[in-house]
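Student: Output the structure for:
(chains A and B)
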Amino acid sequence: MPGAPRAPGVRVAALAVLAGALLLAYRPAGRGQEPVQSGARVVRAAAVAAIDGGYEPAAEDPRPGPTPTLATGVPSVQPRYVPGEVIVKFLPSTVPEAAARHLRALGVRALTRPRFAGADVLELEPGADPEAVARALAARPDVEYAQASYLRQPLFVPNDPYFAQQWNLAILNMARAWDINDGATDAVVVAVIDSGVAFADLEVDFNARAFRIGERRYPALGALELPFAAAPDLAGPGRFVAPYDFVWGDEYPLDFDGHGTHVAGTVGQLTDNGVGVAGVAFNVRIMPLKVIGGPWDFIFGALDECCGATDMAVAEAVRHAVLHGARVINLSLGGPSESPLIVDALRHAVDRGAFVAIAAGNEFGVGNVPIHPAASGARIDGVMSVGAVNHRLARASYSSVGRYVEVAAPGGDLDPPADHSPSAVLQQTLDYRAIRTFRLPPERYGPPRFDVLRIVGVHGTSMAAPHVAGLAAMLMTQGITDPAAIEAAIKYFAVDLGPPGRDAEFGYGLINPHATLRGFGLSR
Amino acid sequence: MSARRPAVAGCLRRLGTCAAIFLIGAVAAAPAAGQVAVRGFVQAGLLRFAAAESFTAITGRPGAAVHGGGGQIGIARLFVQGSIERYAASGQRVFVFEDRVFHLGIPNRITIVPVQVTAGYRMTPRGRWRLAGYGGGGLGAYRFAESAPFGPRAGDPPQAPADAAVPPLGPPYGDEVRETHRSYHVLGGVEAPLLSWLRLGGEGQWTWVPGALGEGGAPAAFGQTDLGGLTLRVKLSVGY
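Tutor: Model (predicted):
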């Protein structure tokens, strides 16, 4: 009523509203913005410097032991030379043409002089042994030196400091494979459909709600402003393409779990950059697509139930990947139920020229039920189901066994080698100690940090599949562009393990990148 | 080196023995007969391989030019000859899937040197041009070499650590391939004298080199096993 005096109760209510508004407006780091509600988030670009925790072997395997080294592409000494050629340098007092005419008995047919080499090239009769001729020439008094025309090859061994710990790349002979193919090119985009990727430096506001794990009750942390950092050994200019988060429905597929970042690292960790570890196809571009919601997605309110990926999100991500130019897709996820929706999306991807690698599952010790989409996708040419081997080239203890396993790749195992070298697959990802605060007792529970990254050993068929995805990317660059042909090539050149021929443990065997990239000659 | 090498060497030894016996007999009988002809020849032609798809996949062509030469001794209408030819081509390594060829950009060099011995029969020259037809058959050895960079080498990974439960994986094959395979052939042709000591001929030859291909590589994908094929050549002979 106009002009009527206000009752004392109304004044109290007005003060309470004002106080509440002031309280809500006050956030230590909120900068006066409205607080985000549970299930929403506010993302800001930020100059977040990643905290690179390096690699702590003891954190993975506390037992002491000598630092292991694996053979990683150091070449054997086996001379290879141009047939029918010998390089010779005559003494200055010698007329090479005249000398060459006197060398017919050695099988010398002609002499040519390259412009800049400072030596002559002798063409030999067919069948002449260049090394024997070179030795005979070298013994002559008018010859300064002579040698066969040896062939040199690039001997690429990356300078990543922990490359020697990457047994998975050593048993795949990746150093020799990189001699053939330099880790693919940025023309190939590999979609990593997973828990997201540590792909950008951002600050994000969340509202962390209360939750319960069993009988433990964890309090709501309320409004949080959390820093996210791109993985230093993964990110680079133009590295990431068309990112999308199918859990939050925006373009920030931030990894709250570390799984996707680890998988992306195996596909394409930056290599020969003097940092961290190496990846298989280190020149590809990566499309981070988040479909797996983890505990923090639940705590921040994006999920009603914790945790996992919906079939719809996976199918959408596969189609998104193809639509935005991905030529290779990695799916390190699965479940026991078949999904026609996902199978349909996989067929769509292959029909549009994308190869798909899928983890076969980690269910051997827990019923060994077939895992989909690996089991159903394996029926599609161009989609491969990947089991895991350990450092002993035996099937990893957890790796699912079934007729749908098509090929095997390193996935690591629980059982460390005798020399205590890493038994898991090493890649850089989020520091689990910084993100899994919800595993602590409630009184020690606090906000996570997504800007601390570390080289972490993880095992699983999730780790095996990206080796195949990386190889597929390299094959795309090498010239095999058809997904079904890529699958056929990978199977053909796989190194048979277990019983002869295809079997349920290893499929066609361990992938062999070097041989696959080298393909067929006439006789081999 | 091919595991067939001892068998091929044995075959060649037997072949050489037979040829030597033939030649010794022929030369011994020659003065009486007065019909010994000794010739040398050079030849050049075109070779189309039976494994045409495989060669086309790798070299871009189903065959190529060949050239070589040899010698021949004739007794009356019989002759025996030895010849050597050379085929060389460059291409690139491939992957074959459902008869589609994907080129991998890795250079590949193939050299084939057939060494062959032929026994045959030459007909009496007829007509204005004194054309003489001839035919024969024989054995030989195909020396096959293939090289390409980036081959796996002994000592390379993949290999398992020392405590591996399974034997370390060795390289599946070597880089430089050098093999010798036994061959069989039939040939026929016609020749005419240009001068009393110079003859020009044309001939066709079909060669079988069974089992030389198909254990791996592109021929395995195409289901081809024979390294032989059809050769059409021109032959210039010198001698009487």
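
Student: In a strand, residue B:233, correct?
Tutor: Yes - counting by DSSP: H, G, I helix; E, B strand; the rest coil, one finds residue B:233 located in a strand.

Student: Pull the number of nearby residues for it.
Tutor: 22 (other CB atoms under 10 Å in any protein chain shown). All C-beta atoms are positioned from the backbone trio N, CA, C, and that covers glycine.

Student: which residues pair with it across the strands?
Tutor: Beta-bridge pairing for residue B:233 (DSSP bridges): residue B:45, residue B:203.

Student: check contacts around it.
Tutor: Counting by CB atoms under 8 Å, 6 or more residues apart in numbering or on different chains, residue B:233 makes contact with B:43, B:44, B:45, B:46, B:66, B:202, B:203, B:204, B:205.

Student: Now the buried members of those.
Tutor: Buried members of the contacts of residue B:233, counted by 16 or more other CB atoms under 10 Å in any protein chain shown: B:43, B:45, B:66, B:203, B:205.

Student: And the helix or strand where the third one lies, what's buried?
Tutor: The one in question is residue B:66. Using DSSP states H and E, residue B:66 sits in strand B:63-75. Neighbour counts over strand B:63-75 (16+ other CB under 10 Å) mark B:63, B:64, B:66, B:68, B:69, B:70, B:72, B:73, B:74, B:75 as buried.

Student: and which of the buried ones among the contacts of residue B:233 is nearest chain A?
Tutor: Ranked by distance to chain A (CB to the nearest CB), the buried ones among the contacts of residue B:233 are led by residue B:66 at 13.2 Å.

Student: what comes up buried for stretch A:372-386?
Tutor: By neighbour count on 16+ other CB under 10 Å, the buried set for stretch A:372-386 is A:372-378, A:380-386.

Student: no, scratch that, I was asking about stretch A:208-215
Tutor: So stretch A:208-215, judged by 16+ other CB under 10 Å, has buried residues A:208, A:209, A:211.

Student: who's in contact with that stretch?
Tutor: Applying CB under 8 Å, 6+ apart, the contact partners of stretch A:208-215 are A:38, A:217-222, A:224, A:298-301, A:438, A:447.

Student: of these, buried ones?
Tutor: The neighbour count (16+ other CB under 10 Å) marks A:38, A:218, A:221, A:224, A:298, A:299, A:300, A:301, A:438 as buried among the contacts of stretch A:208-215.

Student: OK, contacts around residue A:128?
Tutor: Listed by CB under 8 Å, 6+ apart, the contact set of residue A:128 reads A:84, A:106, A:107.

Student: Need the contact partners of stretch A:489-503.
Tutor: A:384, A:389, A:393, A:395, A:406-408, A:468, A:471-472, A:475, A:480, A:505-512, A:515-516, A:519, B:95, B:97, B:158, B:166, B:169, B:172.

Student: of those, buried ones?
Tutor: Neighbour counting over the contacts of stretch A:489-503 (16+ other CB under 10 Å) leaves A:384, A:389, A:393, A:395, A:406-408, A:468, A:471-472, A:475, A:480, A:505-512, A:515-516, A:519, B:95, B:97, B:158, B:169 as the buried ones.

Student: Looking at those, which are in helices?
Tutor: The helices, defined by DSSP state H, take in A:468, A:471, A:472, A:475, A:515, A:516 from the buried ones among the contacts of stretch A:489-503.

Student: and the most centrally placed residue in chain B, helix, strand or coil?
Tutor: In chain B, the centroid-proximal residue (CA atoms, centre = their mean) is residue B:114; its distance is 2.9 Å. Here residue B:114 takes the strand state, with states given by three-state DSSP.

Student: For it, give me its contacts.
Tutor: Contact analysis of residue B:114 by CB under 8 Å, 6+ apart lists B:68, B:83, B:84, B:85, B:87, B:140, B:141, B:142, B:143, B:183, B:207.

Student: Double-check the first one against residue B:45; I have them as touching.
Tutor: Okay, so that is residue B:68. No - applying CB atoms under 8 Å, one finds residue B:68 not in contact with residue B:45, separated by 9.1 Å.

Student: mind putting the buried residues of stretch A:208-215 in TSV, secondary structure included?
Tutor: Below are the buried residues of stretch A:208-215 laid out as TSV (three-state DSSP):
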residue	secondary structure
A:208	strand
A:209	coil
A:211	strand
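
Student: any idea which of those residues is the one closest to chain B?
Tutor: Comparing the buried residues of stretch A:208-215 against chain B with CB to the nearest CB picks out residue A:211 as the nearest, at 43.4 Å.

Student: Quick check: which ranges of the chain have low pLDDT?
Tutor: Using chain A here. Where chain A drops to pLDDT under 70, the residues are A:1-34, A:56-81, A:115-117, A:151-155.

Student: wait, I meant chain B there
Tutor: B:1-34, B:152-175.

Student: Spell out, range by range, the helices that occur in the stretch 301-450 of chain A.
Tutor: With DSSP state H, counting those that start in this stretch, the ranges of helices along the stretch 301-450 of chain A come out as A:311-323, A:340-351, A:374-377, A:432-435.

Student: got a list of what the residue nearest to residue B:198 when sequence neighbours are not counted touches?
Tutor: In space, and not counting its chain neighbours, residue B:198 is closest to residue B:238: 6.0 Å by CB to CB, 6 or more residues apart in numbering or on different chains. Residues near residue B:238 by CB under 8 Å, 6+ apart: B:39, B:40, B:41, B:197, B:198.

Student: go on, residue A:300?
Tutor: Listed by CB under 8 Å, 6+ apart, the contact set of residue A:300 reads A:38, A:39, A:41, A:206, A:207, A:208, A:209.
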